[in-house]
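Participant: Turn this into a structure:
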Amino acid sequence: MGNNDLKVLIFSIDNQYYATDIMEVERILEYEEPTKLPDSPDFVDGVINYQGNIISVMSLDKRFNLQNSLNSREAKIIVVKQNEDKIGIIVDLVSEVKNVSANNIENPPDIVAGISKRYLKGLIKLENRIIILLNLSTILTEEEKELI
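Facilitator: This next block holds a predicted model:
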């Protein structure tokens, strides 16, 4: 891998491919039904027990206002490190870990709304598809972190 290459985890939500820097990922878990919490934000599905600690689990399809297409047989929970905290992110399918050349990553277009630009790192051009590169550590605002 060259200096400007990036190792990413590719996953899908609602038949759309996304990726995140593998360094943001702590572990990939089999899907388990989270325990629901009252008065939590819509995109928070609940909590799970992860290594003896309770962590919040959020649904990216709800966060991105996408159709809920969860197939729990293939669904996974990606445990993401956010500074000292950890959060679980439900995805439909984990596809692969891939090395991506910096030449294949472009900045998102200026037309992207301000809030989503916070967690969009770029667009990856691979073969005949475009994969949205996310910065999962910024998927929640500080206010949202306090809510959950």
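
Participant: Ranking helices and strands of this structure by mean pLDDT, which lands last?
Facilitator: Every helix and strand of the chain was ranked by mean pLDDT, DSSP states H and E. The lowest is helix 114-117, at a mean of 59.

Participant: what's the following helix or strand after that helix?
Facilitator: strand 120-126 (DSSP states H and E).

Participant: May I see the buried residues of that following strand?
Facilitator: 120, 121, 122, 123, 124 (16 or more other C-beta atoms under 10 Å). (Glycine included, C-beta is placed from N, CA and C.)

Participant: Quick one: those residues as CSV, columns for distance to residue 139 and pLDDT too.
Facilitator: Converted to CSV, those look like this (distance: C-beta to C-beta, whole Å; pLDDT from 0 to 100):
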residue, distance to residue 139, pLDDT
120, 10, 85
121, 11, 87
122, 15, 89
123, 17, 91
124, 18, 93
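
Participant: for those, which one is nearest residue 11?
Facilitator: Proximity of the buried residues of strand 120-126 to residue 11 (C-beta to C-beta) peaks at residue 124, which lies at 12.7 Å.

Participant: For the closest one, which non-adjacent residue is closest in space?
Facilitator: Counting by C-beta to C-beta, 6 or more residues apart in numbering, residue 124 lies nearest to residue 131, which is 4.2 Å off, once chain neighbours are set aside.

Participant: all helices in the chain, in order from the N-terminus.
Facilitator: Ranges of helices in the chain, per DSSP state H, are 60-63, 114-117, 142-147.

Participant: Residue ranges in the chain under the pLDDT threshold?
Facilitator: Low-confidence segments of the chain (pLDDT under 70): 1-3, 67-72, 111-117, 140-148.

Participant: let's see 50
Facilitator: Along the chain, segments meeting pLDDT under 50 span 1, 115.

Participant: where do the strands sit along it?
Facilitator: 6-13, 16-21, 25-30, 44-50, 53-59, 76-82, 85-91, 93-100, 105-106, 120-126, 129-134 (DSSP state E).

Participant: For the ones you listed, give me TSV that also has distance to residue 37.
Facilitator: TSV is the format used below for the strands of the chain (distance: least, C-beta to C-beta, whole Å):
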stretch	distance to residue 37
strand 6-13	22
strand 16-21	25
strand 25-30	19
strand 44-50	6
strand 53-59	8
strand 76-82	16
strand 85-91	13
strand 93-100	25
strand 105-106	37
strand 120-126	28
strand 129-134	24
